[in-house]
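[1] turn this into a structure:
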Amino acid sequence: MFRPDPPSPDWFTADDSVLRVALVFPMQGSAGIFGPTCELCAQLAAEEVNRAGGVLGRELRLLPVDGGSGPREVADHVEALVDLGVVQGVTGWHISSVRQALAPRIAHRVPYVYTALYEGGENTAGVFLTSETPRDQLRPAMGLLAHERGVRRWFVVGNDYVWPRRTARAAHAFAREAGGRIQGEVYLPLGTHDFDAVLRRIERSDADGVLMLLVGSDAVRFNRAFAAAGLDARCLRLSTLMDENMLMASGPTATVDLYSTAGFFASLANQDTLDFHGQYAGRFGIEAPALGSLGESCYEGVLLLAALIGRARTLDVSAIGAAAEKVSYEGPRGLLHLRGGHVRQRIYLARADGVGFDVVAQLDLHGSHP
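    Modelled structure (predicted):
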């Protein structure tokens, strides 16, 4: 299990030359598989911000917080850090259940930049979101796969919490738009190891596509079981949460006909991505955890948080919110702007090629096929 070094004593002493940010990311549980990448990408961004002069002339420092604990436990921890004045901002990748517990308790007090793809609909004042939502990510992907691959009958396999359930609710409408339907749905606890009953249901259905809404190691185990059952010869898989670390853990024999959709893939051959690869490898070495959209989102989160505070010229959350629509920043996903508290960005569809991704299309965000 990945754990960072504990905070040093100077975290708890007043220092007006430092701006401290809680970096909330998974160090355990199903999502812990990409936790190391989250921390390194955020660290890279913080170092970049500091080389450019910091935030309001202050050094930006990250305090790692385990976002893989229970939602209430994470919220208690981060709220205590805010209460004590230890942190002046929050960012990071963590599941929606954690965000829902945390946002009401801290977002009106410190700026909170949430970096995980999520189910949509978050409008709490003081929360800013960098990643994908189903309308921009899943809808066009399902439409393209219906057009290009003839997928009409979907089966949903997700973890049992808010993001998979609300995403699947939207997927019913997306499937109908593309002339298809959802054949069945199964929701499983985080940490599930046994998928036999689910695989039997998929096999008995006439589904030709499986929508995977599984987190981290759960998706890895499902991929292996799915391939071992021979279902990869009959159904393609589509995931909105699948990065290179998860592909490598699944193994090349378990990723046949597996698609993912995201705003960033490490294999994108554009200058922004190539520059990011160079910075990451130059700082952490070629043996560092693999880059992927989930870890990279934490880089985006730090950059956006710095841009928000820098634009408002204050840590006051109301002032930051009032200036947010004028905020832009440039990172591995290109030059990005906030609209309604959300970053709008290009979205891609990629197909697994062994333990990497081959980007096959930039998706039309209006949902129509090319």
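
[2] quick one: stretch 347-359 to chain centroid distance?
    16 Å (CA atoms, centre = their mean, to the nearest Å).

[3] before we move on, what about stretch 172-191?
    20 Å.

[4] equivalent analysis for stretch 243-263, please.
    With CA atoms, centre = their mean as the basis, stretch 243-263 stands 15 Å off its chain's centre.

[5] end-to-end on that stretch?
    End-to-end distance for stretch 243-263, by CA to CA, to the nearest Å: 11 Å.

[6] and Q279, how many neighbours?
    17 (other CB atoms under 10 Å). The C-beta positions use only the backbone N, C-alpha and C, and glycine is treated the same way.

[7] what do you get for the one 3 residues further on?
    Burial of G282, expressed as a neighbour count using other CB under 10 Å, amounts to 10.

[8] by contact count, what packs against the host helix or strand of it?
    Assigned by DSSP states H and E, G282 falls within helix 271-284. Judged by 3 or more CB pairs under 8 Å, 6 or more residues apart in numbering; DSSP states H and E, the packing partners of helix 271-284 are helix 35-51, strand 328-331.

[9] need the winner for burial among those.
    Highest mean neighbour count of these: helix 35-51, a mean of 22 (counted as mean count of other CB atoms under 10 Å).

[10] ok now that helix, how far from the chain's centre?
    Worked out by CA atoms, centre = their mean, helix 35-51 lies 15 Å from the chain centre.

[11] and if you look at stretch 185-203?
    For stretch 185-203, the distance to the chain centre is 23 Å (CA atoms, centre = their mean).

[12] and what of stretch 85-105?
    14 Å.

[13] that one: which residues count as buried?
    86-103 (16 or more other CB atoms under 10 Å).

[14] may I have that stretch as PDB, with CA atoms only?
    Coordinates of each C-alpha in stretch 85-105 appear next as PDB, following Å, rounded to 0.1, in the frame of the first residue of the first chain:
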ATOM      1  CA  GLY A  85      -5.500  27.000   9.500                       C
ATOM      2  CA  VAL A  86      -3.100  24.400   8.300                       C
ATOM      3  CA  VAL A  87      -4.300  24.500   4.700                       C
ATOM      4  CA  GLN A  88      -5.700  27.300   2.600                       C
ATOM      5  CA  GLY A  89      -6.900  25.200  -0.400                       C
ATOM      6  CA  VAL A  90      -7.900  21.600  -1.300                       C
ATOM      7  CA  THR A  91      -7.500  19.700  -4.500                       C
ATOM      8  CA  GLY A  92      -7.000  16.100  -5.700                       C
ATOM      9  CA  TRP A  93      -8.600  13.000  -7.200                       C
ATOM     10  CA  HIS A  94     -11.000  11.100  -4.900                       C
ATOM     11  CA  ILE A  95     -14.400   9.400  -5.600                       C
ATOM     12  CA  SER A  96     -17.600  11.300  -5.600                       C
ATOM     13  CA  SER A  97     -18.800  10.000  -2.300                       C
ATOM     14  CA  VAL A  98     -15.800  11.700  -0.700                       C
ATOM     15  CA  ARG A  99     -16.500  14.900  -2.600                       C
ATOM     16  CA  GLN A 100     -20.100  14.900  -1.500                       C
ATOM     17  CA  ALA A 101     -19.100  14.500   2.200                       C
ATOM     18  CA  LEU A 102     -16.300  17.100   1.900                       C
ATOM     19  CA  ALA A 103     -17.700  19.900  -0.200                       C
ATOM     20  CA  PRO A 104     -20.400  21.200   2.200                       C
ATOM     21  CA  ARG A 105     -17.900  21.400   5.000                       C
END
